[in-house]
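[1] The amino acid sequence is not available; the structure is as follows:
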């Protein structure tokens, strides 16, 4: 039976534990049901005997779309109700309570009140990144991107994996990880050499509360990581948990160490390449003695002797090519051949055939000792260039990581001096000195001094911002002018910059859905190529002399038909082994995602992965929230209207109003105080105890012996002492304000002195952003809970058609309207603040949250605009389209290359066109294929820069 809207399908039995809400985003779509997102019961309980059949464990509510069915498991049940991600557990609890009858309690949160990542409940997490309690943990998925509902607690780990050389390797690593115990999902990126692993945590390791629960969970995860590392080691790879805290705890030292390690690897590859190039050149020079006998110098003839030629080829195999041979042999021995196996087999086969030809001249076979050396040379060249391209592609993230200095200036001598100390020794509450040209090393507040800061590395905003005492500053900003003293609030791994880098690193490990086909192909690619190579040899050795005798004759004129066929078959089989390139398939999407997310991070766009980029590239409709998105989200004083005959100026009017609102936190009070501060108007002083507020009306008090009233016209007229005798015609004419404005009036001793107009100002660039979106073919709409008259006024100001304005919509109704657009065939991106619009962001194809810079990284959104600027929407959509286009180009190239190169290498074009290639040319083509994919992805940097320049 279908439950009524708003009523729970499953009531908690008496004595059931109170639920702890955890900030969780994502969507588990259900067809035919509407429900709220889910909240996890912290413990299971035995159900009464009458609960003998499965029931729908969800809460009905109009407009939401997710539900989770629980199954009967030994008469134990857990209730899952999903709630959209909110910044604090209190807000989350209130939100859930307002929608359902489920008993919800508030869990503790860390330091700044942000939702913890690893549980909810009493505990401290410093920056909100950790905490402990009874609440279950699920790694947050992005708002606005459908995720998979799960009935177990999960954590997501990022592993560094080395030893992967091709798409076959990354596919094998993924299969190994997914088959491991407690691993529910794994995504492996060949481009970044990382693996994003989702770990299922059984209840015994996460149910206890407090420190014991956290210790049990940490111990369990450490054991799983150790098992995974050993599993990878047993299969020829090296895996280690990404020590992301240490990378920021020691700041520049850790970054520099990591960069040095990569540079050392690149230098070692360069040395192997130089040795291989020398040997390949010597072998090729010796080969000229066979091409032009008697016409070359004595040295060339010496190098062309079979013994010398073979010795140099063997040196190439055992010297610079040794690592490839060892890796290929080990992979083949484990039954999982990779690219190294194919190259090794091709090189060894060419060397072996040449040895046979040299030892048995009666066969009249041609030796090609130069082929193994040249093959290894071009393979090493391709890999060296590929490593260099990877370093270049990750340079943006390296630059972000390198922003934090290793040494900071700790304020001493009553802030008048400073001492140089390591950055990792800082803790919240310390005071540091930031001089002009320094990079701010922490998140904190300015307590002394004023300056301008360049936050372009964090938000993408090129213009510096002014900071004064009380202003918040973010790690990574560059001090442009004056000396400031900053009180540390978050440092090291707790900073917003660290959050951004961690989020981008995780995003780079998330594959685009379009890559799945390539991954499936690359996974069994090596085995398929081995089979094709074997078939090629068998065909040309057995059927070649009978079907194509003229081809055999051309390739073995001095040998008998069968001997020549064996020689040609061996060469073509080697070609097939070497020309095949699963690397291009494995790199096609990850390299584009790597460059795209890094470019986004440089420009203040936090994009959560390749799947988000693909979804955003297909969006055709943009739905804006009004308050806080198209508008600044707070009222501002836009006009001050003193009565001409009252004898007061605008400053006097503002000073009296500020006196009454000085201690208030009401939005109108904040706007008046901000206006007084910006205009340098000192507020008058109200008499102690005289200020009285009336909710929904206004505020009154006494200033310098006079009775002052501030509020709506009706309230001021009614409550002002002695009453207001009359309203001046000037104010009556002006009071006919639009619905997007609020006007407050001020009276003194019953005499109307004037009014102030406040409005939620439309954001800068809002109208130009909407116009450009429309010019690019996007459908634009506004979705707001405000009254229609106010919504239409803002829509007209920014250029959204009146017919596309949806006003007076409740939070649940917002989700329903987004779904209505989707049902009409549109792919919708919802843009909001990530809090009030959570349900709409959740069901949209892509949720885009406006961010404020410092706190934006903690919001679980598909895309976060760290610069809090609407033009970044254009950047995000353009970057998504360009990145997805590069992925498509890379995949087309990778598939087309293998489709053409493999038949060419197998001799398919020999009978009709006489086209064939040598193993060394095959190796060069293979290297160029991977390099082409990397280069095409790197062109994203230029493409995105050119687009910025054009605008």
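    Looks like it arrived, so ask away. What you see is a predicted model, and the numbers here were worked out from it, not measured in a lab. Numbers count the residues shown, from 1 in each chain.

[2] so residue 190 sits right up against residue 164, yeah?
    Yes - between residue 190 and residue 164 there is a contact under CB atoms under 8 Å: 5.7 Å. The C-beta positions use only the backbone N, C-alpha and C, and glycine is treated the same way.

[3] any residues in contact with both of those two?
    residue 170 (CB atoms under 8 Å, 6 or more residues apart in numbering).

[4] ranges for the strands of the stretch 351-500 of the chain?
    407-412, 417-422, 431-434, 442-448, 451-454, 465-467, 472-473, 478-479, 484-491 (DSSP state E, counting those that start in this stretch).

[5] Have a look at residue 190 and residue 164 and say which one is more surrounded.
    residue 190 (28 against 25; other CB atoms under 10 Å).

[6] Next one, pLDDT for the nearest residue to residue 273 once chain neighbours are set aside please.
    Excluding its sequence neighbours, the residue lying closest to residue 273 (CB to CB, 6 or more residues apart in numbering) is residue 380, at 4.6 Å. On the pLDDT scale, residue 380 is placed at 81.

[7] Quick check: residue 380 vs residue 613, distance?
    Residue 380 sits 33 Å away from residue 613, taking CB to CB, to the nearest Å as the criterion.

[8] which one of these two has more residues nearby?
    Shown here are residue 380 and residue 613; by other CB under 10 Å, residue 613 has more neighbours (31 against 26).

[9] Next up, the contacts around the more buried one.
    Neighbours of residue 613 in contact, by CB under 8 Å, 6+ apart: 512, 593, 596, 597, 607, 879, 880, 883, 884.

[10] of all those, which two lie farthest apart?
    512 and 879 (13.5 Å; CB to CB).

[11] need the strands of the stretch 351-500 of the chain in JSON lines with mean pLDDT, can you?
    Output for the strands of the stretch 351-500 of the chain, formatted as JSON lines (pLDDT from 0 to 100):
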{"stretch": "strand 407-412", "mean pLDDT": "84"}
{"stretch": "strand 417-422", "mean pLDDT": "80"}
{"stretch": "strand 431-434", "mean pLDDT": "89"}
{"stretch": "strand 442-448", "mean pLDDT": "90"}
{"stretch": "strand 451-454", "mean pLDDT": "84"}
{"stretch": "strand 465-467", "mean pLDDT": "84"}
{"stretch": "strand 472-473", "mean pLDDT": "87"}
{"stretch": "strand 478-479", "mean pLDDT": "86"}
{"stretch": "strand 484-491", "mean pLDDT": "88"}
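
[12] Can you tell me which of these is nearest to residue 340?
    Nearest to residue 340, of all the strands of the stretch 351-500 of the chain, is strand 417-422, at 42.2 Å by CB to CB.

[13] so what does the closest one touch, helix or strand wise?
    strand 407-412 (3 or more CB pairs under 8 Å, 6 or more residues apart in numbering; DSSP states H and E).

[14] so how far is the strand it packs on off the chain centroid?
    33 Å (CA atoms, centre = their mean, to the nearest Å).

[15] So which bits of stretch 328-337 are buried?
    Using 16 or more other CB atoms under 10 Å as the test for burial, stretch 328-337 gives 328, 329, 330, 331, 332, 336, 337.

[16] Next: stretch 367-378.
    Residues of stretch 367-378 classed as buried by neighbour count (16+ other CB under 10 Å): 367, 368, 369, 370, 371, 372, 373, 374, 375, 376, 377, 378.

[17] Next: stretch 230-237.
    Within stretch 230-237, the residues scored as buried using 16+ other CB under 10 Å are 231, 232, 235, 236, 237.

[18] Now do the same for stretch 332-346: mean pLDDT, whole number.
    In this model, stretch 332-346 has a mean pLDDT of 78.

[19] Endpoints of that stretch, how far apart?
    13 Å (CA to CA, to the nearest Å).

[20] which stretches of the stretch 751-900 of the chain aren't confidently modelled?
    Applying pLDDT under 70 to the stretch 751-900 of the chain picks out residues 834-836, 852-861.

[21] could you pull out the helices for it?
    766-775, 788-798, 811-823, 838-843, 871-905 (DSSP state H, counting those that start in this stretch).

[22] Could you do the stretch 401-550 of the chain as well?
    Going by DSSP H, counting those that start in this stretch, the stretch 401-550 of the chain shows helices at 456-459, 496-508, 515-523, 525-538, 544-547, 549-554.

[23] Go through those and name the closest to residue 663.
    Closest to residue 663 of those, according to CB to CB: helix 496-508, at 30.9 Å.

[24] in the sheet, who's paired with residue 706?
    Assessed by DSSP bridges, residue 706 has beta-bridge partners residue 703.

[25] I'd like the numbering to begin with 61 instead of 1 from here.
    Sounds good: first residue 61 from here, last item residue 766.

[26] what's the burial count for it?
    Every residue meeting other CB under 10 Å relative to residue 766 is counted, giving 15.

[27] ok, back up a step: taking the buried residues of stretch 388-397 one by one, which sit in helices?
    The helices, defined by DSSP state H, take in 388, 389, 390, 391, 392 from the buried residues of stretch 388-397.

[28] of the residues you listed, closest to residue 889?
    Nearest to residue 889 among these, with distances taken as CB to CB, is residue 391, at 43.4 Å.

[29] In this structure that closest one contacts residue 403, no?
    No - with contact defined as CB under 8 Å, residue 391 does not reach residue 403; the gap is 11.2 Å.

[30] what bits of the stretch 311-460 of the chain have low per-residue confidence?
    311-320, 347, 349-356, 422-426, 428, 446, 449-460.
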